[in-house]
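**Q** Following is a predicted model, sequence given first.
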Amino acid sequence: MAVAADILTEEARRFAEARRVGRLATADGAGAPHVIPFCYALVGSCFYFVVDEKPKRTRTGLKRLRNLRVNPRVAFVIDDYDDDWEHLAFLLVQGAAAVVTDAEEFAQALAALRVRYPQYQGMALRFDEHPMVRIAPLRSHLWHARSRAG
């Protein structure tokens, strides 16, 4: 498994682990952005997501994977929205993404994803058919509106 410097604070880790979905931004070689919601698991210092069995035209030709092949830099946000803006919060992570090529790393991250998302327990997510991506954080920023209120 890849080892990355853990740049997430304990508070940022708790925030990420307590939320269910993030919004992942990738960009193609020309810099055109592409943003999608994604399910993730935090394993060690890295975030992981898998291309699952939800309906898609293709698994390996997805825009996010094509983008990562030409530009591995990504960003994602995990956030809380509330009409009471004193409850707004987000975690912004910028990182380097790579498709997981090690079967053991795939199995460990898949186990964590299955714990977080019971829907994955019924899916036959296989190393050779379902690409998984590791995101190694390079920067992160956790923001809470209440910490800014005076």
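**A** Cool, the structure landed. Numbers count the residues shown, from 1 in each chain.
**Q** Please count neighbours and contacts with C-alpha atoms only from this point.
**A** OK.
**Q** Where does pLDDT dip in the protein?
**A** Scanning the chain for pLDDT under 70 picks out 1-5, 53-60, 147-150.
**Q** Swap in 90 and give it another go.
**A** 1-7, 52-62, 124, 129, 146-150 (pLDDT under 90).
**Q** count of neighbours near Ala109?
**A** Using other Cα atoms under 10 Å as the criterion, Ala109 is surrounded by 27 other residues.
**Q** Over to the one 4 residues further on?
**A** Using other Cα under 10 Å, Leu113 is surrounded by 22 other residues.
**Q** Check the one 3 residues further on too.
**A** By other Cα under 10 Å, the residues close to Arg116 number 19.
**Q** Look up phi and psi at it.
**A** Main-chain dihedrals, Arg116, degrees, to the nearest 10: phi -70, psi -30.
**Q** Then Leu68?
**A** Dihedral angles for Leu68 - degrees, to the nearest 10 - are phi -60, psi -30.
**Q** what about it, how many neighbours?
**A** 20.
**Q** Gln119 too?
**A** Other residues near Gln119 number 11, with proximity taken as other Cα under 10 Å.
**Q** quick one, strands of this protein?
**A** 22-27, 33-38, 41-43, 46-50, 73-80, 89-99, 132-144 (DSSP state E).
**Q** Brilliant, that's me finished.
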